[in-house]
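Asker: Build the 3D model from these lines:
(one chain, ligands or ions: 2)
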Amino acid sequence: MYGADPADSAEAERTAFRRAEKRYKLYKSLPPKSRKKPILNQADLSDVVDFHSVLESAESPEGIYKFNCPGFDRPVFCFRDRPGFYFIPSALTTKEQCHWIRQSLMSFPQPPNRTNLTALYGPLFDLFIAVQNKKILVEAESSVVSIGENKARSCKYSFSESSGDSCREEQGSCEPVAASVLLRKLRWSTLGLQFDWSQRNYDVSLPHNKIPKELCELAKEMAAPAMSAGEEFQPEAAIVNYFGPSDMLGGHLDDMEADWSKPIVSISLACKAIFLLGGKSREDIPIAMFLRSGDIVLMAGHARECFHGVPRIFTDDEHAEISGLMSQFSSEDDRCFMDYIKNSRININIRQVN
Ligand SMILES: O=C(O)CCC(=O)C(=O)O
Ligand SMILES: [Fe+2]
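Answerer: Ligands and ions are numbered 1, 2, ... in the order given. Sure, this is the predicted structure:
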């Protein structure tokens, strides 16, 4: 599902969804094994739906309507031909966005929550604090363990002050790696019931904490437009996606939850992105729209069966649209947050599993 780019081959253009990804992605495709420097793709963005301009205009463009949800006091927009998809522009204030960015970097990757780094390094505590303190990850202990008839090397890692020669002797055979490098490699963390990417399913046997109460409340409140009267959304799991400048999320369905009538509540933070909302087939031409920091999207019912993905993140000054966030993170204490968000996007998507 994740990757810097879908295969740059004839395969890459086979479906309407793939063609749209190719149209918007950051770099132009080069032939496989080409040694040429990637060429930036100056994509024509005029077809990309911009809900912030829809919000400001008196009339909705064709195919889009304003959804009236009793008791929900924010504007919500829908597409006529994608029932179950709801767009809540600027659902979060800049302060709230900052809060969720801090949580996404400092708290959500903390064990027992797993991240893509867990498989390599085991549980890592306080990665972001290690970045702030310019620490490095070193092999603290190494032992040989028996797994059945086989023997394997088991390493334990910990953050250390410096890579100076004095501590080098005590370090194991693995190369030390800067916490800042690891943070750049962080691609996802899972909250609540843990999603197992290899099985593409929830592994309820894995240790986990409940979704933090505050996030649970936010998701319940925001899910309201997609819920039937008298029903309440029950957040049980969340996936936090971390995107760097050339990262993308390929077209996919989220189909491991039992009840598709319940929404996925998806929060965008930091740099602006393009979101593609396809149809039930990869052959359906997707709708492209901008996702900005603070926007929230709901996908429920029919929309749960629609392919979707994120082919492009904008990290350049003109398009990223993060000036409000940058001023909130302008103090020296927040330098690491500022450094991170200026070329990153974070997405928190919250799900009811059962
Ligand atoms: O990043 C986004 O906006 C979408 C994320 C998503 O579709 C997913 O994690 O399943
Ligand atoms: Fe998804």
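Asker: From here on, just use CA atoms for contacts and neighbour counts.
Answerer: OK.
Asker: Which pLDDT does the model give V145?
Answerer: Looking at V145, its pLDDT stands at 64.
Asker: should've said R168
Answerer: pLDDT for R168: 48.
Asker: Same check on S162?
Answerer: At S162, pLDDT is 70.
Asker: Show me the domain layout of the chain.
Answerer: What automatic domain parsing lists as the domains of the chain is 10-108+187-351, 120-184.
Asker: comparing those domains, which gets the lowest mean pLDDT score?
Answerer: Lowest mean pLDDT within the domains of the chain: domain 120-184, a mean of 81.
Asker: First-to-last residue distance for it?
Answerer: Distance between the boundary residues of domain 120-184 (Cα to Cα, to the nearest Å) amounts to 15 Å.
Asker: go on, stretch 104-120?
Answerer: One end of stretch 104-120 to the other measures 20 Å (Cα to Cα).
Asker: Next: stretch 224-239.
Answerer: OK, stretch 224-239 end separation, Cα to Cα: 20 Å.
Asker: again with stretch 296-315
Answerer: With Cα to Cα, one end of stretch 296-315 sits 20 Å from the other.
Asker: buried residues in that stretch?
Answerer: By 16 or more other Cα atoms under 10 Å, the buried positions in stretch 296-315 come out as 296-315.
Asker: residue boundaries of the helices in the stretch 201-350 of the chain?
Answerer: Using DSSP state H, counting those that start in this stretch, the helices found in the stretch 201-350 of the chain span residues 213-223, 317-320, 323-328, 335-341.
Asker: Adding distance to ligand 1, write the domains of the chain out as CSV.
Answerer: Compiled in CSV, those are given as follows (distance: least, Cα to the nearest ligand atom, whole Å):
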stretch, distance to ligand 1
domain 10-108+187-351, 5
domain 120-184, 17
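Asker: Need the winner for burial among those.
Answerer: Each of the domains of the chain was scored by mean neighbour count; the highest is domain 10-108+187-351, a mean of 18, by mean count of other Cα atoms under 10 Å.
Asker: Can you give the distance from stretch 241-256 to the centre of its chain?
Answerer: 7 Å (Cα atoms, centre = their mean, to the nearest Å).
Asker: okay, how far is it across it, tip to tip?
Answerer: Stretch 241-256: ends 17 Å apart by Cα to Cα.
Asker: what comes into contact with it?
Answerer: With Cα atoms under 8 Å, 6 or more residues apart in numbering as the contact definition, stretch 241-256 has outside contacts at 1-6, 17-18, 21, 25-26, 184, 186-189, 200-202, 276, 304-315, 343-348, 353.
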